[in-house]
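Chemist: please work out how this folds:
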Amino acid sequence: MFDHDAKREIPVGGVVRADAVDVIEGGSGARISGRPDALYHSVTERYIQLDMEAEGFSGYDYASEKHFKGVFSGDAIQIYDHETERYHDFHVS
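Modeler: Now for the predicted structure:
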């Protein structure tokens, strides 16, 4: 995944299904796993709620106590993070 804010590739691997997620971010070693409505983040030791929608997803991050929303566009993902009050752009390759 390419993080346009950080201007670098972020290695991400794992499995994402409608009923379960198990993903590891290679740079930090953070693991996000569980059901989409109750994902556990190993670094923050908090849960993330994720709801899939027609054009993307929305959710709530219990670590920051803020909502987020993402939109898919081809191989691009744009996320609006209410914690930072800005958009973040990523490309998946």
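Chemist: tell me where the chain has helices.
Modeler: Read by DSSP state H, the chain holds no helices at all.
Chemist: can you pull up the bridge partners for the spatially closest residue to residue 79 that is not a sequence neighbour?
Modeler: In this structure, residue 79 finds its nearest non-sequential neighbour in residue 70, 4.4 Å apart by CB to CB, 6 or more residues apart in numbering. C-betas here are computed from N, CA, C, even on glycine. Beta-bridge pairing for residue 70 (DSSP bridges): residue 57, residue 79.
Chemist: against residue 45, how distant is residue 70?
Modeler: 23 Å (CB to CB, to the nearest Å).
Chemist: do the same with residue 58
Modeler: For residue 58 relative to residue 45 (CB to CB), the value is 23 Å.
Chemist: same check on residue 69?
Modeler: 24 Å.
Chemist: which of the two has more neighbours?
Modeler: residue 69 (16 against 9; other CB atoms under 10 Å).
Chemist: surely the more buried one and residue 87 touch.
Modeler: No - using CB atoms under 8 Å, residue 69 makes no contact with residue 87, being 9.7 Å away.
Chemist: shared neighbours of these two, anything?
Modeler: Common contacts of residue 69 and residue 87 (CB atoms under 8 Å, 6 or more residues apart in numbering): 79, 80.
Chemist: hang on, the earlier thing: so what's the residue nearest to residue 79 up against?
Modeler: So residue 70 contacts 56, 57, 58, 77, 78, 79, 80 (CB under 8 Å, 6+ apart).
Chemist: redo that, cut-off 6 Å
Modeler: 56, 57, 77, 79 (CB atoms under 6 Å, 6 or more residues apart in numbering).
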